[in-house]
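Novice: Next input, structure requested:
(2 chains, ligands or ions: 1)
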Amino acid sequence: MKSLIKFFSSVKLAIVLLIIITSASILGTLVPQGRSAAEYAARYGQMSDLMIRIEVTRLYQSWWYIGLLLMFSMNTIVCTLMRLPPKLKKAFQPVLEFEQKKLRSLKIKDQLETNETVEHTKERVKTALFSRRYRIKESTKKSYFFIFAQKKRLGIFGSDVVHLGLLIILAGGIISGMAGFRTTLSIKEGQTLPVPNEDFSLRLDKFETEYYANGSVKDWKSTLTVIDNDKEALSKVVEVNHPLTYKGVVFYQSSYGLHWDNPLVEIHVTDKNDASISEYITLKIGDTAVFSNQRLELHAMSFIPDFVLNERNEVVTRSLEPNNPAVFIKVVKERKEIFSGWLFAKYPDFARMHSQKETGLSFNLANFKAGQYSGIQIARDPGVSLIWAGCIFLMLGFFIAFYWIPSEIRVIIEEQKGRTRIILGGSASKKTESFKQEFEKIIEFIRK
Amino acid sequence: MNESMLFLIAFILYILSAFFYFIFLFSKKGSFAKKGYWTIIIALISHTVAMVLRIFESGHAPFTNMYESLSFLSWSAAFAYLFIERKFKIRKAGPYFMVIVIGLMALASSPLMPKEATPLVPALQSYWLWLHVSVTLFGEAFFAIAFVTSIMYLAEKYKEKKGKISPSGLTAEKLDSISYRSVGIGLPIFTLGGLVFGMVWAYKAWGSYWSWDPKEVWSLITWFVFAIYLHTRLVMGWRGKKSAIIAIIGFLAALFTYFGVNYLLSGLHSYT
Ligand code: HEM
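Specialist: A predicted model of the protein is given here:
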């Protein structure tokens, strides 16, 4: 146990760990993370098996990387705690009676003699120190009078605050990793979906995409409503960078896409024999429209965004992108089907040939409009508040460590052959230059 | 006076100031260092106005392409140099440091860097973008100073070993201490901008404060290198050569985070 504590209190270990973690992290940026085994095999050949086994392909989630981080945390905890008691003592209960020898070994020091009494000199020195905002402790031993003056003494704890912040952040990361939950819902306008792992649901009221003049996407906006206990609990327009939070669950705008559940199609009808006939009929898939003075019915049966025939000659869609959109329609005249077939937006002549033969009419898929879904990322991350708290400590500690620099001045006053001798010595860990000037000002003040 | 005109004026003035500093270096006449210093100030004013004009023209933060962010990095580096020169009297570092500023400006104005202010993709429309990028680059400007003073330290140490003492008073020891102070200024700023603001922004935009994206990992690596710098120095008493080498590695890591990741590795942070 003792040797374990000794092991973990070493700063050398910290340096070694930092070097190992840094090297491992570099490795993780060189190997693409979280791809499929096939992709690694193609890229690295025979090496790929080994790489997957030692988890360099998901390095930052691997047991050994996390193990290193845990060791690093342990190191920080033990090292900081072991050094804390002496630091606390130094700041709050300093040894007041010190040796002259020690004082004289300091880099910044001076010695004065006056004809004033010891009592007088004491007051003078104290006033000088007070005027520079030093905090004073004093004591007497035999014929010696000791003054111990400190300024910004809490500055020595800057590093501890940094380390504490670091540990809080690591703890937050562990909690996020273990208890955090993240998924994406694809939700259509008007649809209500239950939120996974929660007892409330989410409804998308409206989804819009805004574009810049050059056609690139400016923003996605989803009007979301949280439904809790059958009541509308909260409603907000969610955009990228502007999420919605409800009961610790955060909803982000993360993606969008097209869906083809019941797209709107526009069909252009013309008549070979009568040039005046040119009708545009807009309807949803599954609906029926009557046209041509009520004499004809048009049924839009089904829609395929990327039409292709598979090896068994069945109609399937190759993708969800509208690469080869086609609609299957049926035209009925007085209960009798006069035409049925596919209309292709990209190949209008194909259907025209068939339909004209049978009816003299020609049909054309002039336009279509898919529904949009909004990709809403759902995250519950109980580690987040710790992360922000840790960041605050981290920054606070940094500023204390670098800008709240403690300094101390020790003074011994003694009577020597009717005269009073003052020995002063001081130190400031990092600001030697400006401390030197301050020290000289204090000496000047005492001399006056 | 339009933006590119003012940018060009700033560029020329930076070159002029480097010129003054080099004359100072060889002639040892302090008046030239002073001229160099004031030339940087005028260049910075022109550069600042150029950036403000660009913000008004594009209507968003000037950090959305390489030209804009390089321009801002040069601006920060020049500013950081003025600050450090005033504080630590390191005029001798002026010529070398201005070479870096000029290099960055040249890179920014090279035809390789797309200049058009492109419309922002949705994820970039956030005031956290301003904070994240500007504060990070500003911190890195101080790493650049530590980089230059560390290299100067190594050169000076080499000279001192041969028995030549620098007449300017900018000794190896002083250079070492200036590197440390620059890291001390740069590291908290870099931590705030690169890590803290970066996490806040990622959380707002993607719903996850940390994704182990290569750019994130490389900022972390940069941060670790400077943590190594601090601890070897403070606790293990490393000084001089070893410290200088770590500071140089640290700046190179920052540079790789900035350039290398965009061009060599892929991830969330490359938006093209
Ligand atoms: C990346 C992680 C770390 C960061 C960012 C960090 C940061 C700091 C900072 C800012 C200081 C103050 C420096 C100064 O006052 O100039 C410091 C001091 C120190 N750190 Fe760390 N630290 C880290 C990890 C560790 C670890 C793992 C250990 C454990 C061995 C450690 C041990 C120390 C010690 C012993 C000091 C001297 C502080 C004193 O006694 O005042 N640090 N650290």
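Novice: Which residue, other than its chain neighbours, is closest to residue A:134?
Specialist: Nearest residue to residue A:134, sequence neighbours excluded (CB to CB, 6 or more residues apart in numbering or on different chains): residue A:149, at 3.8 Å. (Each C-beta comes from the backbone N, C-alpha and C, glycine too.)
Novice: Tell me the secondary structure at the one you found.
Specialist: Under DSSP: H, G, I helix; E, B strand; the rest coil, residue A:149 falls in the strand class.
Novice: and if you look at residue A:137?
Specialist: strand.
Novice: how far away is it from residue B:246?
Specialist: The gap separating residue A:137 from residue B:246 is 39 Å, by CB to CB, to the nearest Å.
Novice: re earlier: could you tell me how far the residue nearest to residue A:134 is located from residue A:277?
Specialist: According to CB to CB, residue A:149 and residue A:277 sit 103 Å apart.
Novice: same deal with residue A:128?
Specialist: Separation of residue A:128 from residue A:277 (CB to CB) stands at 107 Å.
Novice: So for these two, which sits in the more crowded spot?
Specialist: Using other CB atoms under 10 Å in any protein chain shown, the more surrounded residue of residue A:128 and residue A:277 is residue A:128, with 22 against 14.
Novice: Model confidence for the more buried one, exactly?
Specialist: Per-residue pLDDT puts residue A:128 at 89.
Novice: Could you do the one 5 residues further on as well?
Specialist: The per-residue pLDDT reported for residue A:133 equals 90.
Novice: Now do whichever strand or helix holds residue A:411: everything it contacts.
Specialist: Residue A:411 belongs to strand A:407-416 when assigned by DSSP states H and E. Residues from elsewhere that reach strand A:407-416, judged by CB atoms under 8 Å, 6 or more residues apart in numbering or on different chains: A:94, A:98, A:100, A:103, A:106, A:113, A:118, A:121-122, A:125, A:129, A:134, A:143-153, A:420-428, A:431, A:435, A:438-439, A:442.
Novice: which parts of chain B sit against the ligand?
Specialist: Contact residues (CB under 6 Å from any ligand atom) of chain B with the ligand: B:224, B:227, B:230-231, B:234-235.
Novice: Can you get me a residue count around residue 91?
Specialist: With no chain named, the answer covers chain A. By the measure other CB under 10 Å, the count of residues near residue A:91 is 16.
Novice: oops, I was thinking of chain B
Specialist: Residue B:91 has 19 neighbours, counted by other CB under 10 Å.
Novice: residues contacting the closest residue to residue B:68 other than its chain neighbours?
Specialist: Once flanking residues are discounted, residue B:68 sits nearest to residue B:62: 4.4 Å by CB to CB, 6+ apart. The neighbours of residue B:62, taking CB under 8 Å, 6+ apart as the test, are B:51, B:54-55, B:68-69, B:71-72.
Novice: Phi first, then psi, for whatever residue of the stretch 201-350 of chain A ends up closest to chain B.
Specialist: Closest approach of the stretch 201-350 of chain A to chain B (CB to the nearest CB) occurs at residue A:240, with a separation of 3.7 Å. Backbone torsions of residue A:240, given as degrees, to the nearest 10, read phi -60, psi 140.
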